[in-house]
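K.L.:
One predicted model, sequence on top.
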Amino acid sequence: MPNISDTSEPIILLDNLHLTLAAGSGPVNVLRGVDLRVLAGQTVSVVGPSGSGKTTMLMVLAGLERPSSGLVRVAGRDFAALDEDGLALFRRGRIGIVFQSFHLAPAMTALENVALPLEFAGIPDALARARASLAAVGLAGRAAHYPAQLSGGEQQRVAIARAFVAEPEILLADEPTGNLDEETGAMVMDLLFDLQRRHGTTMLLITHNLELAARCGRCIRMRDGRCFETCV
């Protein structure tokens, strides 16, 4: 693990994290003693073969999957002390997520999709903030369009606007360019890194693209459910 010279409290701390899932052939040890420490504002890429536990670790960090054992502390909160409602409230205010699949509500416009997390949180100026977030990703003119009327790159930009609209401390991105062509993917990642710098967001990025991984300040390789510090 990295040699961190200060004593800052990490914004992400995983200690001896294990997750075992039931399967038809017997228990599967997906995470097997993951240790990870990330300081606020860091950008960390996570690489490794399919099945190595990358997405499962992200789901645990998002509070969407409960570990079998081990410590998960994010922004000073121990996830073991939070019930499902508590995790949802914490995630809503502190964590943004961008997936490979855009996960936009098809019956909602781009503006409505971006405003959704703010409306869930009861923020009164949700639509105004959503408009500003869409403008930040260059889609002010597409606010009234539905996902089916947008290109793949535009849909992912809407998803990024939605992830940043609440100004989260942490962004979790799982193969955000996986469904995009190379040129569009490069544009989307330039946007993602630009927003990360402007907001000072801590970012954990899962990717198979080693060039993309190298743009982050740190690179973690996962193998057989464990993390290893590496470089690309």
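P.N.:
Arrived safely.
K.L.:
What ranges in this structure fall below the confidence cut-off?
P.N.:
The model of the chain has pLDDT under 70 over residues 1-7, 231-232.
K.L.:
Apply 50 and report the result again.
P.N.:
Residues of the chain meeting the criterion pLDDT under 50: 1-6.
K.L.:
Which neighbouring residues are in contact with the spatially most central residue of the chain, exactly?
P.N.:
For the chain, the residue nearest the mean C-alpha position is residue 172 (1.2 Å; CA atoms, centre = their mean). By CB atoms under 8 Å, 6 or more residues apart in numbering, the contact set of residue 172 is 58, 61, 62, 95, 96, 97, 98, 203, 204. For glycine as for every other residue, the C-beta is placed from the backbone atoms N, C-alpha and C.
K.L.:
How about residue 57?
P.N.:
Listed by CB under 8 Å, 6+ apart, the contact set of residue 57 reads 14, 17, 31, 34, 36, 46, 222, 227.
K.L.:
so how many other residues sit close to residue 76?
P.N.:
By other CB atoms under 10 Å, 10 other residues sit near residue 76.
K.L.:
Show me what the longest helix along the chain is packed up against.
P.N.:
Under DSSP state H, the helix in the chain containing the largest number of residues is helix 182-199. Packing contacts for helix 182-199, counted by 3 or more CB pairs under 8 Å, 6 or more residues apart in numbering; DSSP states H and E, involve helix 152-164, strand 170-174.
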